[in-house]
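Peer 1: starting from these lines, generate the structure:
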Amino acid sequence: MNEKKRKFIIRALCVFLAVLMAFSLLLSVIPARAVNRSDIKALEEKKEELEKKSQKLQDSIDAMEAQHARYIDRKAVLDQRIQCNRDEIAVIEQQIALYDQQIQETRERLAEATAAEETQYDLLRKRMRSMEESGTLSYVNILVNANSLTDLLGKITDISDIMEYDKALQASYTAVRSDVTELSEQLEEQQRTQSAIIQEMEFKQQQMEAQTTAAYEMIANLENDMEEYNTAMAENDEAEAALQKEIDALMAKLREEEAAAAAAAEAEKNKNNGSSGGGAGGSVMGTGDFRWPVDCYLITSEYGYRIHPIQNVTKFHAGVDIGAQSGQSIYASAAGTVAVSTYNDSYGNYVLINHGGGNATLYAHMSSTAVTAGQYVSQGQVIGYVGSTGWSSGPHLHFEIRLNGSTVNPLQFFSGYTIYNG
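Peer 2: Now for the predicted structure:
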């Protein structure tokens, strides 16, 4: 091998090691590909806001109990606290998902760093073995064996290159080793943090279960005191009657708007075609147009007038109660536009879907809604989840059907259900 070629190879090896070392150093500072600290911080801030809101609601509940405020008002605030807790759990679930992703990314980077460390260690080990095997060929021996001044200067240059190579090799190994240590510590910290967040979520879930039980019992326990029970029921009857008037007024307004829109469309049609036709109206829904709104077929309370089991007075029930479990999905019984999606003291979280022509369906006591006012929904679309918000002593779905603006018995459109007679 001639002198120039030998020097070229030595310098090429040094450049290769320098590049390899730079790559390993770069690897150690590459940020997570999809998850960064700002993502996690945003969720932490959101959770902190919800915790403050939850505490304020609890303070309100304590004050209302001390002041013997109306039961229906107390239940409304308790429902808000449960919803706030549910929102906190949703945020924590997002945090856990982010940490899942971050931990996976850190594991991948650690695997890459470990592989780089093994490669560098192998190179260093081979270099050390080579030096041991050629122990007689020390830097001093190389210089002593120089044939001339020119040869000596050339050998000094070679030794300098080899020393740079050895230093680069050692520095590169040290860098990747540092990467492995740092990433291992980072992974352990992420796993500890995630474990703490999971424990927090479990605590929040237990807390929400306790709050939900307290909400059930608040109304159920009233039966032990008839005077308080009658007062509370009167509050609810007042709130429910007010809501029914609001719904009646809204349905009348929607029918007027539909009629005006149909008349305008017909006038435009006549103007364009020069023909006349009969008046257009809203669509009328037939029996086959409805579907059952939840995956439970047990009727716990029927439609119509009934004798209240505790007060022993006749009261009207505008829909049917379906004894579904908390959290079950609620489906749109027919396609239409969401007219209302809100909270009411009596009906809790409820949704009213307008199907046109004065026809509508209503779904009440939801734990939470999944649609907003003005949104079009298709038949069978999930619009919310079963709960016990509002004036309710246990999870169920209150379901109403309105035709031409008036409530009708929903059961006339279905079969296969079971009526509870306990």
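Peer 1: my read: H398 touches I330, true?
Peer 2: No: the pair H398 and I330 does not pass the contact test of CB atoms under 8 Å, sitting 10.7 Å apart. To be clear about C-beta, it is placed using only N, CA and C from the backbone, and glycine gets the same treatment.
Peer 1: what is in contact with those two at once?
Peer 2: Overlap of the contact sets of H398 and I330 (by CB atoms under 8 Å, 6 or more residues apart in numbering) consists of Y363.
Peer 1: in terms of neighbours, single out the busier of the two.
Peer 2: Neighbours per residue, other CB atoms under 10 Å: of H398 and I330, the larger number sits with I330, 27 against 23.
Peer 1: quick check: the more buried one is in a helix.
Peer 2: No: read with DSSP: H, G, I helix; E, B strand; the rest coil, I330 is strand and lies in no helix.
Peer 1: where's the residue nearest to it when sequence neighbours are not counted, which helix or strand?
Peer 2: Spatial nearest neighbour of I330, chain neighbours left out: G384 (4.7 Å); criterion: CB to CB, 6 or more residues apart in numbering. With secondary structure defined by DSSP states H and E, G384 is part of strand 382-386.
Peer 1: average model confidence for that strand?
Peer 2: On average, the pLDDT along strand 382-386 is 97.
Peer 1: elements contacting that strand?
Peer 2: Judged by 3 or more CB pairs under 8 Å, 6 or more residues apart in numbering; DSSP states H and E, the packing partners of strand 382-386 are strand 329-331, strand 348-356, strand 359-369.
Peer 1: want to throw the ones you listed into a markdown table with mean pLDDT and distance to L243?
Peer 2: Shown next, in a markdown table, are the helices and strands packed on strand 382-386 (pLDDT from 0 to 100; distance: least, CB to CB, whole Å):
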| stretch | mean pLDDT | distance to L243 |
| --- | --- | --- |
| strand 329-331 | 97 | 18 |
| strand 348-356 | 95 | 9 |
| strand 359-369 | 96 | 9 |
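Peer 1: list the buried residues in stretch 90-104.
Peer 2: For stretch 90-104, burial by neighbour count (16 or more other CB atoms under 10 Å) applies to V91, I92, Q94, Q95, I96, L98, Y99, Q102, I103.
Peer 1: now stretch 51-63: how far from the chain's centre is it?
Peer 2: Relative to its chain's centre, stretch 51-63 lies at 24 Å (CA atoms, centre = their mean, to the nearest Å).
Peer 1: re the thing from before, show me which pair in the buried residues of stretch 90-104 is furthest apart.
Peer 2: Using CB to CB, the two most remote members of those are V91 and I103, lying 18.7 Å apart.
Peer 1: the closest residue to S301 other than its chain neighbours in helix, strand or coil?
Peer 2: Residue nearest to S301 in three dimensions, not counting chain neighbours: D321, with 3.8 Å by CB to CB, 6+ apart. Under three-state DSSP, the three-state class of D321 is strand.
Peer 1: wait, doesn't D321 sit right on C296?
Peer 2: No: using CB under 8 Å, D321 makes no contact with C296, being 10.8 Å away.
Peer 1: shared neighbours of the two, anything?
Peer 2: Among the neighbours of D321, those also in contact with C296 (CB under 8 Å, 6+ apart) are L397.
Peer 1: still on that earlier bit, need the buried residues of stretch 90-104 in a markdown table (columns: secondary structure, distance to D289 and pLDDT).
Peer 2: Shown next, in a markdown table, are those (DSSP: H, G, I helix; E, B strand; the rest coil; distance: CB to CB, whole Å; pLDDT from 0 to 100):
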| residue | secondary structure | distance to D289 | pLDDT |
| --- | --- | --- | --- |
| V91 | helix | 39 | 91 |
| I92 | helix | 41 | 91 |
| Q94 | helix | 38 | 90 |
| Q95 | helix | 43 | 89 |
| I96 | helix | 42 | 90 |
| L98 | helix | 44 | 87 |
| Y99 | helix | 47 | 87 |
| Q102 | helix | 49 | 83 |
| I103 | helix | 50 | 87 |
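Peer 1: neighbours around the residue nearest to S301, how many?
Peer 2: So D321, with other CB under 10 Å, has 21 neighbours.
Peer 1: please report how far it lies from T213.
Peer 2: 20 Å (CB to CB, to the nearest Å).
Peer 1: hang on, the earlier thing: for Y417, find the nearest of the helices and strands packed on strand 382-386.
Peer 2: With CB to CB as the yardstick, what comes closest out of those is strand 329-331 (15.2 Å).
Peer 1: so D73 sits against A63, correct?
Peer 2: No: in this structure D73 lies outside contact range of A63 using CB under 8 Å: 11.2 Å.
Peer 1: which one of those two is surrounded by more residues?
Peer 2: More neighbours surround D73 than the other of D73 and A63, with 14 against 11 (other CB under 10 Å).
Peer 1: residues in contact with A335?
Peer 2: A335 makes contacts with H355, Y376, V377, S378, Q379, as judged by CB under 8 Å, 6+ apart.
Peer 1: contacts only, for the second one.
Peer 2: With contacts defined as CB under 8 Å, 6+ apart, Y376 is in contact with A335, G336, T337, V338.
Peer 1: of these, which is the nearest to N85?
Peer 2: Using CB to CB, these come closest to N85 at V338, 25.4 Å.
Peer 1: doesn't the closest one fall inside a helix?
Peer 2: No: residue state for V338 (three-state DSSP) corresponds to strand; a helix is not indicated.
Peer 1: in the sheet, who's paired with it?
Peer 2: Taking DSSP bridges, one obtains I353 as the residues bridged to V338.
Peer 1: what pairs with the residue nearest to S301 across the strands?
Peer 2: As for beta bridges, D321 partners with S301, H398 under DSSP bridges.
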